[in-house]
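Student: Quick check, what structure comes out for this input:
(chains A and B)
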Protein chains: 2
Amino acid sequence: MTLTTARDAVLVDLDDLAGLLPPGTLLTDPASTARYSHDEAEWAPYAVPLAVARPTSAEQVRTLVRWCVEHDVPVVPRGAGTGLSGGANAVSGGIVVSFEQMAAVTRIDPVERLAVVQPGVVNDDLRAAVAEHGLWYPPDPASSPWSTIGGNVATNAGGLCCVKYGVTGDYVLALEVVTGTGELVRVGRETAKGVAGYDLVSLLVGSEGTLGLVTEITVRLRPARPAEQTVVGFFDSLVAAGEAVAAVARAGTIPSALELLDRHCLTAVNDWKNLGIEADCEAILLARVDGPGAAGIAEAEAVLAAFEGAGATFAARSEDEAEADAMFAARRLAYPALERLGPVLTEDVCVPVGRVPEMLAAVQAIAERHDVLIANIAHAGDGNLHPLIITPAGDDEARVRAQHAFDDIIVEALACGGTVTGEHGVGLLKRAGLAAELPLAVVDMHRAIRRALDPHGVLNPGKVVT
Amino acid sequence: MTLTTARDAVLVDLDDLAGLLPPGTLLTDPASTARYSHDEAEWAPYAVPLAVARPTSAEQVRTLVRWCVEHDVPVVPRGAGTGLSGGANAVSGGIVVSFEQMAAVTRIDPVERLAVVQPGVVNDDLRAAVAEHGLWYPPDPASSPWSTIGGNVATNAGGLCCVKYGVTGDYVLALEVVTGTGELVRVGRETAKGVAGYDLVSLLVGSEGTLGLVTEITVRLRPARPAEQTVVGFFDSLVAAGEAVAAVARAGTIPSALELLDRHCLTAVNDWKNLGIEADCEAILLARVDGPGAAGIAEAEAVLAAFEGAGATFAARSEDEAEADAMFAARRLAYPALERLGPVLTEDVCVPVGRVPEMLAAVQAIAERHDVLIANIAHAGDGNLHPLIITPAGDDEARVRAQHAFDDIIVEALACGGTVTGEHGVGLLKRAGLAAELPLAVVDMHRAIRRALDPHGVLNPGKVVT
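Tutor: Numbers count the residues shown, from 1 in each chain, chains lettered A, B, ... in the order given. Next up, the predicted model:
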């Protein structure tokens, strides 16, 4: 280890930091620093970090942040590294703090309907743990088998069921946090309501590690819900599928999921996993409803009518649960399936639901204009579209064209009254988009808050706003 | 008007400000400045303001804040003045900004399920306007016939249905705000999801006018819901009623309201309005459920079973809608009915639901210890208790005893793992409570954020944190 060049060419002694932590907490070997150098947004820039810390307690995180403040060393927090905006990409001269060793579900309380977890708990593991108590943790990003609650909190992750049940932030009651000045504090509460002071929990959720490092999360839970029913619709154009999404909204029904997959996604998943889904269409919509009993059947019928009214070539309530599960499995596998075709540049725009058809048409036009392959996955019921721009590996010209398409999609989303990021976060990929979306006076509010809570500028510098 | 002494004995020329605004916007006559000098928390200190401004546009609010920044004059925003913590109480040398003239519902969008309103719109008026479109705005503070959306946002108001549907902040998508530097900005979005930058909306909601003056609000709506069913339970002790509340939580049912009223409240309402409610008990619980069809009946039965299991002397699903409405009317009238008995010092603690029985027992013990009358209203399903300490008018010794009881209830709520304010806000009455609840490091985070967003210290100074 010994002396290493941190940012601004300051020499720091990592042995000094290692000595403050239990043996094995700080990794500096090249294999480790390379492995933790970026999240799934490889497209965004990243550096090899000075070191990777894998603390096992909040106290160790505090020790680490204090040392970093003292030595002006950037700290980059990291969950499972499944982020798609580069928020966990390492920065030059910085230390990556991985929370993988802090993965305990500390408490599950069925009366207060809450759970207390460490940040490294995998989303699906929390879901499984609370299910044993007849409880449900709704936020379900497509990465739920791998991503962690800490990472979900940092990005305010969405998912499939948020069209009805909201996003991660809607379920965070309290946080334990190491602040930018190295204090270990608790914000929020365990009560159902509370307005004692500013809503620091919501401020920290989605701040991508720029305002504090979360060391414990208290989440709100719901009672287990009735079984879902699935409605599938096939459409011969993306725009027709988009019209069906708007029709569902107009019908006054709130599905518990309303996902769109286009032909490219279905083909890629079929080629990879052979799930046996017929893809003789341009797009499918996968809806789920979870109203109890007769109410659920009425919801399913309403969704079906909306699909048919918008011109579905085929639409049906699924009678076959295995078939329905295969469809949703295809949804979750679409991203890794497409990655097999080449580097993927992931979009994450969100537009008003009524403008989904217009936005999908715009994405198609952009693909043609820039001669790039764009596959579409969407949390369509939220208006949250994920155009995935796929380039052949090693094709630098295609990368340039892809970047132009990426930029144009952002412009179009803003023109539709949308936002540049619905759920993935700003990280590095959406910094320019953020500047385009927010007026300078609002960016200045961000800067002022960031300076207030991270006065030494060590928390994930360069991310979100600079 | 002419020269007037503002804070720090600086002379300001109110004619100068009046000249920047349309005629009649600025009121300085003693009747007006007295009328706007405090909200319903008369118990808290207040001053007669220099002037009252009643702007009709966001631009006028900006003009006003800029002038106040330039002249170091405090600005105190005010909705309908129904606040119970003194958040809208005027401060010495300051100007009260009343939003009563900005009361338009600007837009209702059934597809995106949102409404855009000015801050002076009365809560019930918004509810009625969106109902015409088959939509529902859930947040329903007991003050809903009078309080405004702007005031609800400033305090992050709760209400009866938030046990199932959440509080005001859960429904705010976007805000137009005049900042502490006199900028007019928009924060938030109109899309279902969005993570472009920090959650400034949630930071501003509940900040009681200390971080910005809200000039427009975009709220999320829900589809109209099925008719509610009412379940009533009578109990021969407060603690038994509290046990029933915990039993409902354990049963895994989420009622759409679960309210507690004690004998003092029922008597006061009956004496005033003669609603004909039998009050031969120590406490009643009023529950509503709104599941559709058979699911709703099952919910009602589950609540009924919980009431009976906890020892209700009488419990029933109400067959008579008029009777059920009278019960909920009594709930809404309890506060003004008690005010007729003398000045009321309103508590607003919130504890974990499982500790409601313990907290109710503690309130009774505190009433006895300090020889004061304490009536109890509670959003019991949320653990949000409103012990109301009533003193005979003009009895100064009783006021001192009431203050001791108030302080002891706060201590007890914190000992139960609760918060000093569930929904009324900190204002002036809960500043000491806030300091008791939050560690100094968290209070310092509040101060840093406040300095960042209100660098000139003109926004509602002295409120929340100082």
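Student: From A:D15, how far off is whichever residue of the stretch 101-250 of chain A sits closest to chain B?
Tutor: Closest contact between the stretch 101-250 of chain A and chain B, by Cβ to the nearest Cβ, is at A:S202 (3.3 Å). Quick note: C-beta positions are derived from backbone N, CA and C, even for glycine. Counting by Cβ to Cβ, to the nearest Å, the gap between A:S202 and A:D15 amounts to 40 Å.
Student: Now for A:G24: which residues touch it?
Tutor: Counting by Cβ atoms under 8 Å, 6 or more residues apart in numbering or on different chains, A:G24 touches A:R54.
Student: and it, that's in a strand?
Tutor: No - counting by DSSP: H, G, I helix; E, B strand; the rest coil, A:G24 falls outside a strand, being coil.
Student: hmm, back to that, when A:S202 and A:D15 are compared, which one has more neighbours?
Tutor: Higher neighbour count among A:S202 and A:D15: A:S202, with 24 against 13, using other Cβ atoms under 10 Å in any protein chain shown.
Student: wait, isn't the more buried one in contact with B:L203?
Tutor: Yes - assessed by Cβ atoms under 8 Å, A:S202 is found in contact with B:L203 at 6.8 Å.
Student: Per-residue pLDDT of the residue of the stretch 101-250 of chain A closest to chain B, please?
Tutor: Predicted confidence (pLDDT) at A:S202: the value is 98.
Student: Quick one: residues contacting it.
Tutor: A:G169, A:V172, B:G169, B:D199, B:S202, B:L203 are the contacts of A:S202 under Cβ under 8 Å, 6+ apart.
Student: What residues does the residue lying closest to A:C350 once chain neighbours are set aside make contact with?
Tutor: Leaving aside its sequence neighbours, A:C350 sits nearest to A:G422 (Cβ to Cβ, 6 or more residues apart in numbering or on different chains; 3.2 Å). With contact taken as Cβ under 8 Å, 6+ apart, A:G422 is in contact with A:158, A:348-350, A:379, A:382-385, B:191, B:193-195.
Student: so which of the residues you listed is the most crowded?
Tutor: Going by other Cβ under 10 Å, A:G383 tops the contacts of A:G422 with 33 neighbours.
Student: A:E358 is in contact with that residue, correct?
Tutor: No - assessed by Cβ under 8 Å, A:G383 is found out of contact with A:E358, at 10.8 Å.
Student: Spit out the residues that contact those two alike.
Tutor: Listed as contacting both A:G383 and A:E358 by Cβ under 8 Å, 6+ apart are A:V351.
Student: Can you flag which of the contacts of A:G422 belong to strands?
Tutor: A:V349, A:C350, A:H379, A:N384, A:L385 (DSSP state E).
Student: Just give the nearest non-adjacent residue to A:H404, would you?
Tutor: Nearest to A:H404 is A:H370, by Cβ to Cβ, 6+ apart, at 5.2 Å.
Student: rewinding a little: ok, and the residue nearest to A:C350, which helix or strand is that part of?
Tutor: Using DSSP states H and E, A:G422 sits within no helix or strand.
Student: Relative to B:P336, how far out is it?
Tutor: 45 Å.
Student: cool, and A:R451?
Tutor: In terms of Cβ to Cβ, A:R451 sits 46 Å off from B:P336.
Student: for A:Y137, same thing?
Tutor: When A:Y137 is compared with B:P336 (using Cβ to Cβ), they lie 41 Å apart.
Student: If you count surrounding residues, which of these two has more?
Tutor: Using other Cβ under 10 Å, the more surrounded residue of A:Y137 and B:P336 is A:Y137, with 24 against 16.
Student: my read: the more buried one touches A:L126, true?
Tutor: Yes - between A:Y137 and A:L126 there is a contact under Cβ under 8 Å: 5.3 Å.
Student: joint contacts of these two?
Tutor: Common neighbours of A:Y137 and A:L126 (Cβ under 8 Å, 6+ apart) are A:A115, A:V219.
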